[in-house]
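Colleague: Kindly return the folded structure for what I paste below:
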Amino acid sequence: MNKNIWKGFGYGLLATLAMTILMLISVATKISPMPAPIPVALAKLVFGSVPKPVLLSSGMLFHFFYGGIAGMIFVKLFTKRNVVNGLLYGGILWLIMQVVFLPILGWGFFGINITPKIAVATLILHSVYGLTLGWLFMRNNKRGG
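Modeller: Have a look, this model is predicted:
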């Protein structure tokens, strides 16, 4: 398999880490408009009533795995891997979240059943993911790798 595919997975994990740190800060400071971090809400939907550590760990495991796989897909979709395309890709992932995952949670399209602020907050988070992903590839290209 192409080594860029594995770089995509690794860079996707790092980009997920960047967005997750911001997400956790927003939850801790209570500025997050979401009733729960989305990965945790999805885990609760899948597993039901389980102990909180199980929800948190399974939600984060899924979140990072998804972020890594998304990084691999980025490699396949974009031959030019830079900040602009990373931002575009983050926007695509954000849109998928808005029309697939949020309705599955019962939050409605763009989180409208809870608050439209969810759409803005998650756009910021996905922008961080895309910018980080694109920057990591640009940085790698400048180093000749």
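Colleague: Would you confirm that L55 contacts V46?
Modeller: No - between L55 and V46 there is no contact under Cβ atoms under 8 Å: 9.6 Å. Bear in mind the C-beta positions are built from the backbone N, C-alpha and C, glycine included.
Colleague: who's more crowded, the two?
Modeller: L55 (22 against 12; other Cβ atoms under 10 Å).
Colleague: what about the closest residue in space to L77 that isn't next to it in sequence, how many residues close to it?
Modeller: Computed as Cβ to Cβ, 6 or more residues apart in numbering, the closest residue to L77 that is not its neighbour in sequence is Y89, at 7.1 Å. Y89: 24 surrounding residues under other Cβ under 10 Å.
Colleague: And for R139?
Modeller: R139 has 11 neighbours, counted by other Cβ under 10 Å.
Colleague: in which helix or strand would I find it?
Modeller: Per DSSP states H and E, R139 falls inside helix 117-142.
Colleague: Mind listing what's buried along that helix?
Modeller: 118-119, 121-123, 125-138 (16 or more other Cβ atoms under 10 Å).
Colleague: on that earlier part again, give the intersection of the neighbour lists for L55 and V46.
Modeller: Counting by Cβ atoms under 8 Å, 6 or more residues apart in numbering, L55 and V46 have no contacts in common.
Colleague: Phi, psi for T115 please.
Modeller: phi -170, psi 140 (degrees, to the nearest 10).
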